[in-house]
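Peer 1: how does the following fold in three dimensions:
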Amino acid sequence: EGQLAESGGGLVQAGGSLRLSCAVSGITFDDYAIGWFRQAPGKEREGVSCISDISGNTHYADSVKGRFIISNDNAKNMVYLQMNNLKPEDTAVYYCAAARGCFYSDADYDYWGQGTQVTVSS
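Peer 2: Modelled structure (predicted):
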């Protein structure tokens, strides 16, 4: 069974940067796409970014395009989310999840991490 673990969250001022990491185990890394989602208090969980399995194609929500960069390290079974020029509205719990493709709906993801808090102060 797949296990994912996020790290790298924290408190940062607006305009700052953070890099989130997602460690993936228990599944064949090349068979899964890894997505990043976030959920702010009182809001629904939303997709942020996704990187496809073998192709490595990347996808971003409009709200983070040009600021966030997703990447992976196949040798280490790791996926990263580099977040630049952070805004207070980026404050949320960030989750990584694994699926057989980069799907829009979080219901299509099979395995989830526990989440990491990102707080951006103004």
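Peer 1: was I right to think Gly115 contacts Tyr94?
Peer 2: Yes: between Gly115 and Tyr94 there is a contact under C-beta atoms under 8 Å: 6.5 Å. In short, each C-beta sits where N, CA and C put it, glycine included.
Peer 1: quick one, which of the two is more surrounded?
Peer 2: Tyr94 (23 against 17; other C-beta atoms under 10 Å).
Peer 1: what sits opposite that one in the beta ladder?
Peer 2: Bridge pairing for Tyr94 (DSSP bridges) gives the partners Arg38, Thr116.
Peer 1: that one and Thr28, how far apart?
Peer 2: Taking C-beta to C-beta, to the nearest Å as the measure, Tyr94 falls 24 Å from Thr28.
Peer 1: check Ala98 too.
Peer 2: Counting by C-beta to C-beta, the gap from Ala98 to Thr28 is 10 Å.
Peer 1: please say which of the two ends up with more neighbours.
Peer 2: Between Ala98 and Thr28, counting by other C-beta under 10 Å, Ala98 is the more crowded of the two (24 against 10).
Peer 1: I'd say that one and Tyr109 touch.
Peer 2: Yes: counting by C-beta under 8 Å, Ala98 does reach Tyr109; the two are 6.4 Å apart.
Peer 1: and the residue nearest the centre of this protein?
Peer 2: With distances taken as C-alpha atoms, centre = their mean, the residue of the chain nearest its centroid is Trp36 (2.4 Å).
Peer 1: contact partners of the strand or helix carrying that residue?
Peer 2: Per DSSP states H and E: Trp36 is located in strand 33-39. Under the criterion C-beta atoms under 8 Å, 6 or more residues apart in numbering, residues 4, 20, 22, 24, 45-53, 70, 72, 79, 81, 90, 92-103, 106, 109, 115, 118 lie in contact with strand 33-39.
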